[in-house]
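Engineer: Sequence first, then the predicted structure, then my questions.
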Amino acid sequence: MPESENPVSENPVSENPVPENAVSENAAPGHVMKEEGKFPRGLVIRLFAYLIAGHLFAAFLYLLFEMGARG
């Protein structure tokens, strides 16, 4: 049979593809890698900085309104 008539393709596609990040069969059910539960360190630092900066800005606005109310 010539290759052009071969019904099997060169790159067969599985009916049930396994995702790349699939949990192994040995892992406990519902258990995912530890690293997925953590936030990246840079993100945590940035969120903390924005939290502090936001509160400082709110305190500044509060001070402006208090000073403005005293006339």
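Structural biologist: Right, received. Where do you want to start?
Engineer: got any ranges where this structure has weak pLDDT?
Structural biologist: 1-14, 16-35 (pLDDT under 70).
Engineer: what about the strands in it?
Structural biologist: Assigned by DSSP state E, the strands in the chain number zero.
Engineer: could you show me where the helices are in it, in order?
Structural biologist: Applying DSSP state H to the chain gives helices spanning 41-70.
Engineer: who touches stretch 64-71?
Structural biologist: For stretch 64-71, contacts defined as CB atoms under 8 Å, 6 or more residues apart in numbering pick out no residues. All C-beta spots, glycine's among them, are computed from the backbone N, C-alpha and C.
Engineer: As CSV, could you dump the C-alpha coordinates of that stretch?
Structural biologist: Only the C-alpha atoms of stretch 64-71 are listed here, as CSV (Å, rounded to 0.1, in the frame of the first residue of the first chain):
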residue,chain,number,x,y,z
LEU,A,64,-6.8,67.8,53.6
PHE,A,65,-10.5,67.7,54.2
GLU,A,66,-10.0,68.2,58.0
MET,A,67,-7.8,71.2,57.4
GLY,A,68,-10.3,72.6,54.8
ALA,A,69,-13.2,72.2,57.2
ARG,A,70,-11.4,74.3,59.8
GLY,A,71,-11.1,77.1,57.3
